[in-house]
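[1] coordinates only, no sequence provided:
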């Protein structure tokens with residue numbers, strides 16, 4: 001099965017802060033887990049694009065998944081839209097995505113996802 005799913009980034013909150021600071025802010029207080037190859041796209045609130053190397057998926061408020069492109073994806077930056085091709089019902093490493101710039105109708109060349117590293121807030125005692 002082949003589905004194209006477009007996710008609009010929720011990057012407005014990162015405009016006023018540098019990319020590395022934005023990533024640290026999102027991941028502050030969270031503990032990194034073992035990287036996974038796939039995540040359930042229906043259990044995630046669309047991506048937040050931090051910079052050209054970092055995409056965050058919010059799984060449930062307690063867990064974020066950090067990923068990015070394999071190699072360079074020059075068009076990837078905050079305020080762009082990801083057009084993701086999901087082929088297996090899950091969002092997986094090496095799945096293809098393209099980037100759509102605001103105000104344009106032609107997407108970028110294809111990019112591929114890396115593994116997804118979970119970052120989880122520790123349970124309160």
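    Received the coordinates, thanks. Treat the numbers as computed from the prediction; the structure is a model and nothing was measured.

[2] what residues are up against the spatially most central residue of the chain?
    Centroid check for the chain by C-alpha atoms, centre = their mean gives residue 55 as the closest residue, at 3.1 Å. By C-beta atoms under 8 Å, 6 or more residues apart in numbering, residue 55 lies in contact with 47-49, 66-69, 76, 82, 113. From N, CA and C alone the C-beta is placed, and that goes for glycine too.

[3] ok, it to residue 105 distance?
    22 Å (C-beta to C-beta, to the nearest Å).

[4] got it, and residue 66?
    For residue 66 relative to residue 105 (C-beta to C-beta), the value is 30 Å.

[5] more crowded one of those two?
    Comparing residue 66 with residue 105 by other C-beta atoms under 10 Å, the one with more neighbours is residue 66, at 22 against 6.

[6] list the contacts for the nearest residue to that one once chain neighbours are set aside?
    Nearest in space to residue 66, with sequence neighbours left out and distances taken as C-beta to C-beta, 6 or more residues apart in numbering, is residue 117 at 4.8 Å. For residue 117, the residues meeting the contact criterion (C-beta under 8 Å, 6+ apart) are 32-33, 35-36, 65-67.

[7] same thing but 7 Å
    Contacts here follow C-beta atoms under 7 Å, 6 or more residues apart in numbering; on that basis residue 117 touches 32-33, 35, 65-66.

[8] nearest to residue 91, of those residues?
    Nearest to residue 91, judged by C-beta to C-beta, of these is residue 65 at 9.0 Å.

[9] mean confidence for the host helix or strand of that closest one?
    With elements delineated by DSSP states H and E, residue 65 resides in strand 63-67, which encompasses its position. This predicted structure assigns strand 63-67 an average pLDDT of 95.

[10] rewinding a little: any idea which element the residue nearest to residue 66 lies in?
    Counting by DSSP H and E, the element that carries residue 117 is strand 117-120.

[11] what lines up beside that strand in the sheet?
    Within its sheet, and counting by DSSP bridges, strand 117-120 is paired with strand 31-32 (antiparallel), strand 63-67 (antiparallel).
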